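Student: build me a model from this:
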Amino acid sequence: MYSQQHIQQDCLAEVYKEMVEAVGIESTLKLFPILRGQQINFPVRLYAKEKVSMKISQEYHEKNVHELSREYGYSSRWVQKVIKESKKEESLSK
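Tutor: Modelled structure (predicted):
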């Protein structure tokens, strides 16, 4: 569609200027036909709660609450809650 050498970067829409600064012109041109016209909201957290919850349930024997909260970007309180629920489920399944 657009070739890299014919792009006038000073004429780009603001969102595409930011994208070029973040990932480069080549990646922006790859993403443009896929994403154009769409409004996209990115979650505040990188990881999905449900998947992190499962990982924490598997890893809490090896790591402490603070390590887990730092690793996954969730609060210590939330990690403790996940561990408590996981222990409760373990005791019910025995």
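Student: tell me which helix or strand of the chain sits lowest on mean pLDDT?
Tutor: helix 76-93 (a mean of 91; mean pLDDT, DSSP states H and E).
Student: show me what counts as buried in that helix.
Tutor: W78, V79, V82, I83, S86 (16 or more other CB atoms under 10 Å). All C-beta atoms are positioned from the backbone trio N, CA, C, and that covers glycine.
Student: go on, stretch 57-73?
Tutor: In stretch 57-73, counting by 16+ other CB under 10 Å, buried: S57, Y60, V65, L68, S69, Y72.
Student: pretty sure the third one is touching S76, no?
Tutor: So the one you mean is V65. Yes - V65 lies in contact with S76 (CB atoms under 8 Å); the separation is 5.2 Å.
Student: so where is this protein shaky, pLDDT-wise?
Tutor: Along the chain, the parts satisfying pLDDT under 70 run over 1, 3-5.
Student: what sits against the residue most central in space within the chain?
Tutor: Nearest residue to the geometric centre of the chain (CA atoms, centre = their mean): L46, 2.2 Å. Taking CB atoms under 8 Å, 6 or more residues apart in numbering, we find L46 in contact with G73.
Student: how close does it get to E14?
Tutor: 24 Å (CB to CB, to the nearest Å).
Student: try S86
Tutor: From S86 to E14 the distance is 45 Å (CB to CB).
Student: also F32?
Tutor: For F32, the distance to E14 - CB to CB - is 14 Å.
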